[in-house]
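A.B. asks: No sequence on hand, only this structure:
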């Protein structure tokens, strides 16, 4: 494994059915195209025994009660019922979209957000939802467009700021990234993902000590595995290999910890240290670590060390 590739890997700073008329009260439309297009599979079958609702307000109350009970499917069912009374309600559409995201129904989620934006092109929650979907799909340009529009409408959307920070890091604009992370932390100071991403940004900019502070804060507070690994990487980059090893051992097996420490030392050009840790990886698990042997062979090719 190319140790520089390992470094990048380790720094990793989210069918429509028709609404049946029998489940709708006489005062609601028997069929609504928008509601039908946003309904998750089998919701009507799952909740066929539920009593009809008489109004949008009743449907929303039941949706909120179901969500509070942790029943996402039932909450979605009642939100769809609410849309049958008012398919133009952007807040309900955004809620439907967010629940579809939680359920892994990304196409239906995107459809819900798009319907909301047809009603109000500046609807911030729907802009954010669509932007986050694009980001997860790897469509950075579309993600940036929607997320920038979201924070322009509502500056308190911490997820939008967090992802805009990541996008700025990818562009190499670390100052812009830090401003987005600062805005996100003002809104949600306890979010691990923001601190990890801010640490990642500082790491990319060569500010290893400050990056380590962010990773350590998350690791100590929540025992987050990603934070421990990134903190170990920081120690390794600083040449503190024993500390890096001890930190890797918080979340890695002994053989992995030795191998990864050796790979970092190798990428730093500290070949003697690299050889020591890679040999330890092979010693701990001689039948496992072909990768460690490969790294050792690469060091020997440099002609600087002998067995």
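C.D. replies: Ah, there it is. Everything numeric here is computed off the predicted structure, so don't read it as measured data.
A.B. asks: Run through the stretch 1-150 of the chain and note the low-pLDDT ranges.
C.D. replies: 1-33, 40-46, 48-49, 51 (pLDDT under 70).
A.B. asks: Please enumerate the helices of it.
C.D. replies: All helices of the stretch 1-150 of the chain, identified by DSSP state H, counting those that start in this stretch, fall at 3-10, 33-38, 43-46, 56-68, 72-85, 90-102, 106-119, 124-136, 140-153.
A.B. asks: Export the ones you listed to a markdown table and append columns for mean neighbour count and distance to residue 163.
C.D. replies: For the C-beta atoms, the positions are set from N, CA and C on the backbone; glycine is no exception. Shown next, in a markdown table, are the helices of the stretch 1-150 of the chain (neighbours: other CB atoms under 10 Å; distance: least, CB to CB, whole Å):
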| stretch | mean neighbour count | distance to residue 163 |
| --- | --- | --- |
| helix 3-10 | 14 | 19 |
| helix 33-38 | 19 | 24 |
| helix 43-46 | 15 | 30 |
| helix 56-68 | 17 | 24 |
| helix 72-85 | 23 | 23 |
| helix 90-102 | 23 | 14 |
| helix 106-119 | 20 | 15 |
| helix 124-136 | 24 | 5 |
| helix 140-153 | 18 | 6 |
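A.B. asks: Include distance to residue 219 when you put these into CSV, please.
C.D. replies: Output for the helices of the stretch 1-150 of the chain, formatted as CSV (distance: least, CB to CB, whole Å):
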stretch, distance to residue 219
helix 3-10, 14
helix 33-38, 40
helix 43-46, 41
helix 56-68, 32
helix 72-85, 31
helix 90-102, 27
helix 106-119, 31
helix 124-136, 25
helix 140-153, 28
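A.B. asks: of those helices, which approaches residue 267 most closely?
C.D. replies: helix 3-10 (3.5 Å; CB to CB).
A.B. asks: just to revisit the earlier point, tell me which of the helices of the stretch 1-150 of the chain lies nearest to residue 205.
C.D. replies: That would be helix 3-10 among the helices of the stretch 1-150 of the chain, by CB to CB, at 14.7 Å.
A.B. asks: Could you point out which of the helices of the stretch 1-150 of the chain sits nearest residue 224?
C.D. replies: helix 3-10 (13.7 Å).
A.B. asks: Work out the gap between stretch 167-185 and the centre of the chain.
C.D. replies: 16 Å (CA atoms, centre = their mean, to the nearest Å).
A.B. asks: Give me the mean pLDDT for that stretch.
C.D. replies: The pLDDT scores in stretch 167-185 average 98.
A.B. asks: Adjust the sequence numbering to begin at 58 for everything that follows.
C.D. replies: With the count now opening at 58, the last piece we talked about shows up as stretch 224-242.
A.B. asks: Now do stretch 296-309: distance to the chain's middle.
C.D. replies: Worked out by CA atoms, centre = their mean, stretch 296-309 lies 25 Å from the chain centre.
A.B. asks: So for that stretch, what gets flagged as buried?
C.D. replies: Buried residues in stretch 296-309, defined by neighbour count with 16 or more other CB atoms under 10 Å: 298, 300-302, 304-306, 308-309.
A.B. asks: Can you add pLDDT and give the residues you listed back as JSON lines?
C.D. replies: Below are those laid out as JSON lines (pLDDT from 0 to 100):
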{"residue": "298", "pLDDT": "98"}
{"residue": "300", "pLDDT": "98"}
{"residue": "301", "pLDDT": "98"}
{"residue": "302", "pLDDT": "98"}
{"residue": "304", "pLDDT": "98"}
{"residue": "305", "pLDDT": "98"}
{"residue": "306", "pLDDT": "97"}
{"residue": "308", "pLDDT": "96"}
{"residue": "309", "pLDDT": "95"}
